[in-house]
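Engineer: let's see this in three dimensions:
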Amino acid sequence: VLVSIKGAEDGGVELIVSDDGVWLKPGFDVHDSTTLGLSLVHALTEQLGGTIRFASERGAIVTLSFRETP
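Structural biologist: Next up is the predicted model:
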């Protein structure tokens, strides 16, 4: 598992978590997830006004993007 944080072009922050394990299934949708972990991640991201993206490139990649709040 690799976790990294970097500045985004829009002045926000991206938190990227990647794993070379099981890939995400085609058509994966976090809104349809019934697992507690993904439900919590999705709820926290929404609460902070961020976005979440999932990708399958040599494993699973989850990117959480947050903009600074004034």
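Engineer: now that we're looking at residue 14, what pLDDT does it have?
Structural biologist: Residue 14 carries a pLDDT value of 91.
Engineer: same check, this time on residue 43
Structural biologist: Note for residue 43: predicted pLDDT of 87.
Engineer: buried ones in the helix or strand containing it?
Structural biologist: In this structure, residue 43 is located in helix 36-47 according to DSSP states H and E. Within helix 36-47, the residues that qualify as buried are 38, 41, 45, counting by 16 or more other Cβ atoms under 10 Å. To be clear about C-beta, it is placed using only N, CA and C from the backbone, and glycine gets the same treatment.
Engineer: now do stretch 56-70
Structural biologist: Applying a neighbour-count criterion of 16+ other Cβ under 10 Å, one finds 60-65 buried in stretch 56-70.
Engineer: shaky segments in this structure?
Structural biologist: Screening the chain residue by residue with the criterion pLDDT under 70, one finds the ranges 23, 30, 69-70.
Engineer: which parts of it are strands?
Structural biologist: Assigned strands in the chain, in chain order: 2-7, 13-19, 51-56, 60-66 (criterion: DSSP state E).
Engineer: for the second one, list the C-alpha coordinates in PDB.
Structural biologist: Extracted as PDB, the C-alpha positions of strand 13-19 are listed here (Å, rounded to 0.1, in the frame of the first residue of the first chain):
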ATOM      1  CA  VAL A  13      -4.900  18.700  -1.900                       C
ATOM      2  CA  GLU A  14      -5.000  15.200  -3.200                       C
ATOM      3  CA  LEU A  15      -4.700  12.100  -1.000                       C
ATOM      4  CA  ILE A  16      -3.800   9.100  -3.100                       C
ATOM      5  CA  VAL A  17      -4.000   5.500  -1.800                       C
ATOM      6  CA  SER A  18      -2.800   2.700  -4.100                       C
ATOM      7  CA  ASP A  19      -2.500  -1.000  -3.700                       C
END
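Engineer: quick one: it to strand 2-7, angle?
Structural biologist: 160 degrees (axes from the mean of the first three to the mean of the last three Cα atoms, to 10 degrees).
Engineer: same check, this time on the third one
Structural biologist: Put simply, strand 51-56 runs at 140 degrees to strand 2-7, going by the same axes, to 10 degrees.
Engineer: what helices and strands are in contact with strand 51-56?
Structural biologist: The helices and strands touching strand 51-56, judged by 3 or more Cβ pairs under 8 Å, 6 or more residues apart in numbering; DSSP states H and E, are helix 36-47, strand 60-66.
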